[in-house]
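In: Model the following, please.
(chains A and B)
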Amino acid sequence: MADDFDTIQETVRACLVDLLGLSRARVAAFDDNTPLFGALPELDSMAVATLLTELEDRLGISIDDDDVDVEMFETFGALVRFAAAKALN
Amino acid sequence: MNSEHCLRFSGSANVPSILLVPPLFDEANRMRRTLVLTMHALSQLGHTTLLPDLPGQNDSLTKTQDVTLSLWRDALADITAKEAVPLLIASWRGGALIDDAAVNAIGWWRMAPLAGASIVKTLIRVRIAGEKEAGRTVTTDQLRGEIQNGPIELGGNRLSTAMLNELDAASPAVVAPLRTVELIEVPGSALWLRAEPGEDSAMAKAMAANISDWAMQCAAG
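Out: Residues are numbered from 1 along each chain as shown, chains lettered A, B, ... in the order given. Down below sits the predicted model:
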């Protein structure tokens, strides 16, 4: 299981690069306030479904679908915080 | 059973043949163009390559609700038994859940294999997300209850209870000799996850070189 915040943040970045086909340079520049859902046309509901499973596999976490809401995809920071809350719990 | 289409490019007689087992379901569609590019690159290295359609996948006329992992394993055993030459089996993602059924194998190569349970999770999430967009709420429990009464649609596939049960329990089998390659080891990206994957010839060439290298090692074995 990923056990520090930076590793988790970089794993989330890597997932976004792999899933959405965004350039590494672009995703490397994402900060807490970078908007995701609604701002990235590549991130549709299907991509979200895949992203959740990929985060589970790469971070060794388990995500209950009841915990998933749209707010966690609003910004890069929100998504990283959600993943970190699961992984560091 | 084996009226399914199989894409084949011929190579040299003295070089091991490669049978490609694609990812499962939608991931197969996303990877197909790059897998065919990989076959071309392997041909240039002298390998004969085969890419069979699993029943219910790609151009197959079989309904997806009529297939199971066991049936795919049987199909793979049939296809490989008919090949006169030793084969290296190269599988991607969920293909690793059935690749051990191949006979005549001198070795296995796997890229980013995953457990069947992860595939099921994604399929169910895609369905839930689709329902949500249509203003309906369904839960995993509801879908798992519903499938007990007959096939349901998950991620664009009508799947049976038997298939779901087999996927839930499936993990890549222990095979030998095996080389497992993760995404980080080749230049490229997870095309199988992409909504609009296009194709990646650099990644195809890198995968072909890696597969060929392993095939030669296994043949020398």
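In: With adjacent residues omitted, what lies nearest to residue 24?
Out: No chain in the question, so chain A it is. Closest residue to A:Arg24 apart from its sequence neighbours, by CB to CB, 6 or more residues apart in numbering or on different chains: A:Val17 at 5.5 Å. C-beta: built from backbone N, CA, C; applies to glycine.
In: wait, chain B
Out: Using CB to CB, 6+ apart, the nearest residue to B:Leu24 is B:Gly94, at 3.5 Å.
In: I'd say that neighbour and B:Leu114 touch.
Out: Yes - contact criterion CB atoms under 8 Å: B:Gly94 and B:Leu114 qualify, at 6.6 Å.
In: Pick out whichever of these two has more residues nearby.
Out: B:Gly94 (28 against 23; other CB atoms under 10 Å in any protein chain shown).
In: quick one: which helix or strand includes B:Leu7?
Out: Assessed by DSSP states H and E, B:Leu7 sits inside strand B:6-9.
In: low pLDDT regions in chain B?
Out: Residues of chain B that meet the criterion pLDDT under 70 lie in B:1-2.
In: Okay, strands next: where are they in it?
Out: B:6-9, B:17-21, B:49-52, B:87-92, B:105-111, B:152-154, B:157-159, B:178-181 (DSSP state E).
In: and among those strands, the most buried is which?
Out: strand B:87-92 (a mean of 27; mean count of other CB atoms under 10 Å in any protein chain shown).
In: neighbouring strands for it, and are they parallel or not?
Out: strand B:17-21 (parallel), strand B:105-111 (parallel) (DSSP bridges).
In: which helices and strands does the strand holding B:Leu7 pack with?
Out: helix B:26-44, strand B:49-52 (3 or more CB pairs under 8 Å, 6 or more residues apart in numbering or on different chains; DSSP states H and E).
In: what angle do the first one and strand B:87-92 make?
Out: Using axes from the mean of the first three to the mean of the last three CA atoms, to 10 degrees, one finds that helix B:26-44 and strand B:87-92 are set 140 degrees apart in direction.
In: what does helix B:26-44 rub up against?
Out: Residues from elsewhere that reach helix B:26-44 (CB atoms under 8 Å, 6 or more residues apart in numbering or on different chains): B:7, B:9-11, B:18, B:20, B:22-23, B:49, B:51, B:57-58, B:92-94, B:155-157, B:191-194, B:197-201, B:203-205, B:207-209, B:211-212.
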